[in-house]
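J.: Structural data only, the sequence is not supplied:
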Ligand SMILES: [Zn+2]
């Protein structure tokens, strides 16, 4: 009951304050509303793609050419429109996991929450090594841990807006020493604050298990460890089931990406929404319903409705009816979209 020492126990911490888990409602656990996910070398380049001409939308989205500006979400007014679209589609709560290295903007997110009435929860900690500056690279486990704890209990990135979850903690494959220190710090902070912990694994298919084994050895709370991006990382059942047996939460968070070509790893075939639902069905049939989350991980402008994309409402508008047609029960849908998020966002 560690969160108790900060008055967080049993509550969900949004950017505008604490709410009860019952008020979470339909929830997206892994998105980005304001972020800059340009790889470091892209930041030196002309940000083409910031405006998305209609004739180039598909080409930019598909990766026919590099459009660094497509990877920047920094327009608060546009974000307000996008979150209002999500509310109209049936969403209620959205988790922005733009943490250190992804240009987090807690004050901007608070404005968006106030303007829309949506519950917005923010993450904290640090994204992958390549996005970190020299000062962060030099930090010890203790320093990283106190950073994360203060982001949850005092305020994130110089603001008084507090984080409600730890992550997305970035890991690359191969896993770097800095990333292991950050992960160790995040696990200590998980126990200290009672928050859940979301991890971004590297693109190698063995890395989610490597992270789960590391976390188990560090005595992490495995039922509150979310492994993101399963749908671009694991493609065989034995590997998926072994990871599920570790007790972690499996997040299929690239819903809305319907194209098999995946620019960031050309060796794989990206599944579409129908295939994602088949994997989820096989996990449910094996008894893992309490360990499943879904989201879109929007971090490109081409995925916004204002730029011709599917927007944050796609899961509520389009995926939910597919789930019903494919014999997912109302109870199963509610568990994935409402009850699992409410459990994970409630502090211990
Ligand atoms: Zn993400």
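T.: Perfect, thanks for sending it. Bear in mind that the values here come from a model prediction, so they are computed numbers and not experimental data. Numbers count the residues shown, from 1 in each chain.
J.: now the strands for the stretch 1-150 of the chain?
T.: For the stretch 1-150 of the chain, the strands defined by DSSP state E, counting those that start in this stretch cover 12-14, 17-19, 27-31, 35-36, 72-73, 93-96, 119-122.
J.: Name the stretch among these that sits most buried.
T.: Per-stretch averages of neighbours, counted by mean count of other Cβ atoms under 10 Å, single out strand 93-96 among those, with a mean of 29. From N, CA and C alone the C-beta is placed, and that goes for glycine too.
J.: closest one to residue 318 among the strands of the stretch 1-150 of the chain?
T.: Nearest to residue 318 among the strands of the stretch 1-150 of the chain is strand 27-31 (13.6 Å), distances taken as Cβ to Cβ.
J.: Which secondary structure elements does the longest helix that the chain contains sit against?
T.: Ranked by residue count, the top helix of the chain under DSSP state H comes out as helix 177-193. Counting by 3 or more Cβ pairs under 8 Å, 6 or more residues apart in numbering; DSSP states H and E, the packing neighbours recorded for helix 177-193 are helix 141-153, strand 166-170, strand 197-200, helix 207-217.
J.: which parts of the third one are buried?
T.: Across strand 197-200, burial judged by 16 or more other Cβ atoms under 10 Å covers 197-200.
J.: for it, packing partners?
T.: Using 3+ Cβ pairs under 8 Å, 6+ apart, strand 197-200 sits against strand 166-170, helix 177-193, strand 225-227.
J.: still on that earlier bit, turn the helices and strands packed on helix 177-193 into a markdown table, including mean pLDDT.
T.: Shown next, in a markdown table, are those (pLDDT from 0 to 100):
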| stretch | mean pLDDT |
| --- | --- |
| helix 141-153 | 98 |
| strand 166-170 | 98 |
| strand 197-200 | 98 |
| helix 207-217 | 98 |
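J.: that older thread, format the strands of the stretch 1-150 of the chain as JSON lines; extra columns: mean pLDDT and distance to residue 282.
T.: Shown next, in JSON lines, are the strands of the stretch 1-150 of the chain (pLDDT from 0 to 100; distance: least, Cβ to Cβ, whole Å):
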{"stretch": "strand 12-14", "mean pLDDT": "98", "distance to residue 282": "30"}
{"stretch": "strand 17-19", "mean pLDDT": "98", "distance to residue 282": "34"}
{"stretch": "strand 27-31", "mean pLDDT": "98", "distance to residue 282": "21"}
{"stretch": "strand 35-36", "mean pLDDT": "98", "distance to residue 282": "32"}
{"stretch": "strand 72-73", "mean pLDDT": "97", "distance to residue 282": "33"}
{"stretch": "strand 93-96", "mean pLDDT": "98", "distance to residue 282": "25"}
{"stretch": "strand 119-122", "mean pLDDT": "98", "distance to residue 282": "29"}
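J.: Adding distance to residue 163, write those out as JSON lines.
T.: JSON lines is the format used below for the strands of the stretch 1-150 of the chain (distance: least, Cβ to Cβ, whole Å):
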{"stretch": "strand 12-14", "distance to residue 163": "7"}
{"stretch": "strand 17-19", "distance to residue 163": "13"}
{"stretch": "strand 27-31", "distance to residue 163": "14"}
{"stretch": "strand 35-36", "distance to residue 163": "14"}
{"stretch": "strand 72-73", "distance to residue 163": "18"}
{"stretch": "strand 93-96", "distance to residue 163": "10"}
{"stretch": "strand 119-122", "distance to residue 163": "5"}
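J.: Of all those, which one is nearest residue 128?
T.: Among those, the nearest to residue 128 by Cβ to Cβ is strand 35-36 (13.4 Å).
J.: roughly how far out does the closest one sit from the chain middle?
T.: Strand 35-36 sits 13 Å away from the centroid of its parent chain (Cα atoms, centre = their mean, to the nearest Å).
J.: Please shift the residue numbers so they start at 141 in all later answers.
T.: Done: numbering now begins at 141, and the last item shifts to strand 175-176.
J.: elements contacting that strand?
T.: Under the contact criterion of 3+ Cβ pairs under 8 Å, 6+ apart, strand 175-176 touches strand 212-213.
J.: coming back round to it: how about the longest helix of the chain: buried residues?
T.: Applying 16+ other Cβ under 10 Å to helix 317-333 flags 318-333 as buried.
J.: Which of the residues you listed sits closest to residue 372?
T.: residue 319 (18.3 Å).
J.: Touching, the closest one and residue 268? I think so.
T.: Yes - assessed by Cβ atoms under 8 Å, residue 319 is found in contact with residue 268 at 6.8 Å.
J.: so what sits against both of the two?
T.: Residues touching both residue 319 and residue 268 (Cβ atoms under 8 Å, 6 or more residues apart in numbering): 310-312.
J.: Output those in a markdown table, with distance to residue 444 and neighbour count appended to each entry.
T.: Formatted as a markdown table, the shared contacts of residue 319 and residue 268 follow (distance: Cβ to Cβ, whole Å; neighbours: other Cβ atoms under 10 Å):
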| residue | distance to residue 444 | neighbour count |
| --- | --- | --- |
| 310 | 23 | 27 |
| 311 | 27 | 25 |
| 312 | 27 | 17 |
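J.: could you dump the residues you listed to a markdown table with distance to residue 278?
T.: Listed next are the shared contacts of residue 319 and residue 268 as a markdown table, based on distance: Cβ to Cβ, whole Å:
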| residue | distance to residue 278 |
| --- | --- |
| 310 | 17 |
| 311 | 19 |
| 312 | 19 |
